[in-house]
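A.B. asks: sequence plus predicted model, see below.
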Amino acid sequence: MAAPEPVHPADDPADLAALAEHAATLLRAVEGALPGWVRRTVAERWTAWSGRALPPEVEQTAIDAATGAVAEVVPALRALLETDVDAQRTNPLSIIRGAVRHPTAVLRAAGVPPVERDAQAERLFPDDPYDLTPGAFRDLGDEVHEPGLVWGAAKAHVVLRRRRHDNPPR
């Protein structure tokens, strides 16, 4: 991702360039990990329910669902990461969580019954009957954990710099 032009008087072009680089790293990590997460979550829920290995036809459906998840999540994530930090109205993990519908559809079609969830999980994620929603970047894979944290820290740095400029100490 190209570094955006400064939009605020406090913006340091080097900070914006670093943020863009961290965004690109996060995007690549998510794009690389998401297919495995979809396939893994389907296989884990199937095996927990059936006690058997994933049948080839369900595995193929999971692979197709993984492709769909990437096609949906990556462009939305790219759009968010290219948006100025003050205009972002969501976060990467929220966008990633939208991918839950893909493995959910595979499991439903395969006849896997929903799992028991606690009341808070049901309230927060009503469209996730299999309790698949990632709670953190690491849930997608270890390769997403650090890029997610580093991007968040870089974003926070830019935001704090702007706020300190707008609200100097008295």
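C.D. replies: That came through, no problem.

A.B. asks: go ahead and list the helix or strand containing the residue most central in space within the chain.
C.D. replies: Note on the chain: the residue nearest the mean C-alpha position is Ile96, at 2.6 Å, using Cα atoms, centre = their mean. Taking DSSP states H and E as the criterion, Ile96 maps to helix 92-97.

A.B. asks: average pLDDT for that helix?
C.D. replies: In this model, helix 92-97 carries a mean pLDDT of 98.

A.B. asks: what residues does that helix touch?
C.D. replies: Residues outside helix 92-97 that contact it (Cβ atoms under 8 Å, 6 or more residues apart in numbering): 26, 30, 34, 73, 76-77, 80-81, 125, 133-134, 136-137, 140, 148, 151. In short, each C-beta sits where N, CA and C put it, glycine included.

A.B. asks: in helices, which of the residues you listed fall?
C.D. replies: 26, 30, 34, 73, 76-77, 80-81, 148, 151 (DSSP state H).

A.B. asks: which secondary element of this protein has the worst mean pLDDT?
C.D. replies: Ranking every helix and strand in the chain by mean pLDDT, DSSP states H and E puts helix 119-124 at the bottom, with a mean of 94.

A.B. asks: alpha carbons only: can I get that helix in PDB?
C.D. replies: What follows is helix 119-124, C-alpha atoms only, in PDB (Å, rounded to 0.1, in the frame of the first residue of the first chain):
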ATOM      1  CA  ALA A 119     -25.300 -16.300  26.500                       C
ATOM      2  CA  GLN A 120     -22.700 -13.600  25.800                       C
ATOM      3  CA  ALA A 121     -21.400 -15.400  22.600                       C
ATOM      4  CA  GLU A 122     -25.000 -15.800  21.500                       C
ATOM      5  CA  ARG A 123     -25.700 -12.100  22.100                       C
ATOM      6  CA  LEU A 124     -22.500 -10.800  20.500                       C
END
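
A.B. asks: give me the pLDDT value at the residue lying closest to Thr67 once chain neighbours are set aside.
C.D. replies: Leaving out its chain neighbours, the residue that sits closest to Thr67 by Cβ to Cβ, 6 or more residues apart in numbering is Pro35, at 7.1 Å. Pro35 carries a pLDDT value of 98.

A.B. asks: going through the contacts of helix 92-97, which ones are buried?
C.D. replies: Buried members of the contacts of helix 92-97, scored by 16 or more other Cβ atoms under 10 Å, are 26, 30, 34, 73, 76-77, 80-81, 125, 133-134, 137, 140, 148, 151.
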